[in-house]
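Asks: Predicted model, plus sequence, below.
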Amino acid sequence: MVAIKTLVKTAVYVGIGGISAALIMKMKLEEQVRGQAYYKESMKVLRSHPGAITLLGEPIKDLGFDFGVESQKYGQGKITGFAVPVKGSNQRGKYYFWADHAEDKWIITRAELELDKEPDRRLVIRKME
C-alpha cells in the first residue's frame with residue numbers, strides 16, 4: 001500500500017511539472033510569432049504612429065496573446081484581426097491588425113488600437129482599401 005502522503009507529493013510534482021512545461025511552450029510559441037515578418041511589421045506600424053505613441057506612451061510593449069483564438073485567424077496568406085495586448089507608460093490597450101501575404105512579403109492592410117479605458121472606441125492606425 002502506498003501512503004497518502006506519497007501520492008499527494010507525487011501529484012504536486014506532476015502538477016508543477018505540467019504547468020511549467022505548458023508555460024515554457026507558450027513562451028517559445030510567443031517567441032516564434034514575435035520573430036515572424038508579419039508581427040515585426042505590424043509592431044513597427046504601431047510604434048511609429050504618432051497618435052498611438054501619444055495615447056499609450058513610450059516605450060510600447062506587447063504583452064503576449066491567446067494562441068487558441070489567434071491561431072484561427074491565419075490562413076491562405078491572410079491574417080484577420082490578430083489581437084495583441086499592448087502597454088505603454090500611460091496606459092494599456094489591445095492592438096488589432098490584418099495582413100496579406102503578397103510577393104514574398106507581408107503587408108499590414110489594417111491596424112487599430114483599442115484602449116482599456118475606452119473599449120467602445122478604436123484609433124485607426126492604418127486602413128488600406
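Replies: Okay, I see it.

Asks: Moving C-terminal from the helix or strand harbouring Gly81, which element do we reach first?
Replies: Assigned by DSSP states H and E, Gly81 belongs to strand 78-87. For strand 78-87, the succeeding helix or strand toward the C-terminus, using DSSP H and E, is strand 92-102.

Asks: in this structure, what secondary structure element scores lowest on mean pLDDT?
Replies: For the chain, using mean pLDDT, DSSP states H and E, the weakest element among its helices and strands is helix 67-70, scoring a mean of 59.

Asks: where exactly do the helices run in this structure?
Replies: 4-34, 37-47, 50-56, 67-70 (DSSP state H).

Asks: How many residues are close by Glu31?
Replies: 9 (other C-beta atoms under 10 Å). C-beta: built from backbone N, CA, C; applies to glycine.

Asks: now stretch 41-52: how far from the chain's centre is it?
Replies: 15 Å (C-alpha atoms, centre = their mean, to the nearest Å).

Asks: hmm, I was thinking of stretch 15-34
Replies: A distance of 14 Å separates the centroid of the chain from that of stretch 15-34, by C-alpha atoms, centre = their mean.

Asks: Stretch 54-68 now?
Replies: How far stretch 54-68 lies from its chain's middle: 8 Å, per C-alpha atoms, centre = their mean.
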